[in-house]
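need the 3D shape of this:
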Amino acid sequence: MSIKVNKIVKLITGLLIMVPLLCQLFTFEKFSAVLTSTGIMPYLSLPIAIILVVVELVSLPFLIDMDMPKRITLTSRMAGFLSLGIMTAIGFLAFANGHAAVIFGATIKNVNNVAAIFLVFVMWALLICANLPTKKTAK
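Numbers count the residues shown, from 1 in each chain. Presented below is the predicted three-dimensional model:
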């Protein structure tokens, strides 16, 4: 994959991760209650909400291609995979319990769960493509 295509894929992935992040932050005080409705224990919903938002935020420097030390870049890469893993788990919990999608927090309500899971899988595919080695990173 060329460097230009890799940068475009990273940018699209970053924008797609920022949409749920902003939705979660706009109504963060209600986000833990929304997570509780999916079947997550009430005492775990607030820590999971905090971890999800922080990990999504930490994943952005790699996706917007900032110049950073190698350790921070690797941390940001891993945060991207962790955030999508948490969103996948939350999406499947909501689907299994028959609730609407909750990856957008309480901002966008009544989103079809299948559409939200499809969006997460598109983000997975883009994130995997963004992490493929290029001629610059293969050294």
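
from Asn131, how far out is the residue lying closest to Ile17 once chain neighbours are set aside?
Excluding its sequence neighbours, the residue lying closest to Ile17 (C-beta to C-beta, 6 or more residues apart in numbering) is Glu56, at 5.7 Å. From N, CA and C alone the C-beta is placed, and that goes for glycine too. From Glu56 across to Asn131, the span is 16 Å (C-beta to C-beta, to the nearest Å).

hang on, the earlier thing: so which strand or helix has the residue nearest to Ile17?
Per DSSP states H and E, Glu56 falls inside helix 42-63.

and that helix, which residues are buried?
For helix 42-63, a neighbour-count test (16 or more other C-beta atoms under 10 Å) marks 45-46, 48-49, 52-53, 55-63 as buried.

for the residue nearest to Ile17, what are its contacts?
By C-beta atoms under 8 Å, 6 or more residues apart in numbering, the residues touching Glu56 are Ile17, Pro20, Leu21, Gln24, Ala79, Ser83.

just checking, Val111 touches Phe95?
No - under the criterion of C-beta atoms under 8 Å, Val111 makes no contact with Phe95, lying 11.6 Å away.

which of the contacts of Glu56 fall in helices?
Per DSSP state H, helices hold the following members of these: Ile17, Pro20, Leu21, Gln24, Ala79, Ser83.
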